[in-house]
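**Q** Structure for this input, please:
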Amino acid sequence: MNKANLLTKTRASWDKLNAYVATLNENQLTVLTDAAGWTVRDHLIHLAVWEDGVWALLNHKNRREQMGIDEAAWKRWNFDEMNAIIQQAHVHQSWADVERERHMIHDRFVAQIDSMSEADLEQPMSDFNPESTNKHPIKETIVGDAYSHYDEHLPWIKAIAEKQNTS
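**A** I've put the predicted structure just below:
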């Protein structure tokens, strides 16, 4: 996948997610929950925090620190644990604050990708994080926390929002 395709897919998936979110009311965004106790707001800030971690990585900053995850949890690399830390760190944010933050993070994330060359995107993950031995191209990490991550969460977001219709 080249940079143009990566950006096109990221923008299309982001737009699809946001078009759906724009149809939701405050109750659907911040009150209704899934079985894990997450609201739509929780899912959306989760997506933003993971994007922000990749932005940090692309800028040779500490991804873990950017995401607010303690070193011990990061070393265990248990997604449920890390995601719970993220959710708890943002649980008291208002919808307006989450919405503002996630758009700022996303815009910065996409601008960073756009500023990179095709060769940059082919560099191994270990070039961006000296503690990593991962030799996969960094673009694979970007995909995992961009459009494929939005697409993964959209059905879960819809399931939460549609609970209102069955109550």
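**Q** Surely M125 is in contact with I142?
**A** No: taking contacts as C-beta atoms under 8 Å, M125 lies outside contact range of I142: 10.1 Å. Every residue, glycine included, has its C-beta placed from N, CA and C.
**Q** These two: who's more crowded?
**A** When M125 is set against I142 and neighbours are counted by other C-beta atoms under 10 Å, the residue ahead is I142, at 26 against 17.
**Q** Can you point out the buried residues in the helix or strand in which D97 is found?
**A** Mapping D97 onto the secondary structure by DSSP states H and E places it in helix 95-115. With burial defined by 16 or more other C-beta atoms under 10 Å, the residues of helix 95-115 counted as buried are 95, 98-99, 101-102, 105-106, 109-110, 112-113.
**Q** so what does it touch, helix or strand wise?
**A** Applying 3 or more C-beta pairs under 8 Å, 6 or more residues apart in numbering; DSSP states H and E, we find helix 95-115 packed against helix 3-21, helix 26-30, helix 40-58.
**Q** Beyond the last one, next helix or strand please.
**A** In this case it means helix 40-58. Elements were assigned by DSSP H and E; along the chain past helix 40-58, the next helix or strand is helix 63-67.
**Q** For this protein, which element, helix or strand, carries the lowest mean pLDDT?
**A** With mean pLDDT, DSSP states H and E as the measure, the helix or strand of the chain carrying the lowest mean pLDDT is helix 163-166 (a mean of 59).
**Q** The most centrally placed residue in the chain and H60: what is the separation?
**A** With the centre of the chain defined as its mean C-alpha position, the nearest residue by C-alpha atoms, centre = their mean is L47, 2.4 Å away. Taking C-beta to C-beta, to the nearest Å as the measure, L47 falls 23 Å from H60.
**Q** okay, and for the chain, where does confidence drop off?
**A** Per-residue confidence for the chain (pLDDT under 70) gives these ranges: 164-167.
**Q** returning to that earlier point: give me whichever of the helices and strands packed on helix 95-115 is most buried.
**A** Among the helices and strands packed on helix 95-115, judged by mean count of other C-beta atoms under 10 Å, the one packed with the most neighbours on average is helix 40-58 (a mean of 23).
**Q** Would you mark the buried spots in stretch 77-93?
**A** Counting neighbours by 16+ other C-beta under 10 Å, one finds that the buried residues in stretch 77-93 are 82-83, 85-87, 90, 93.
**Q** Tabulate those (a markdown table), appending secondary structure and distance to T23.
**A** Compiled in a markdown table, the buried residues of stretch 77-93 are given as follows (DSSP: H, G, I helix; E, B strand; the rest coil; distance: C-beta to C-beta, whole Å):
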| residue | secondary structure | distance to T23 |
| --- | --- | --- |
| M82 | helix | 30 |
| N83 | helix | 25 |
| I85 | helix | 30 |
| I86 | helix | 25 |
| Q87 | helix | 23 |
| H90 | helix | 22 |
| Q93 | coil | 21 |
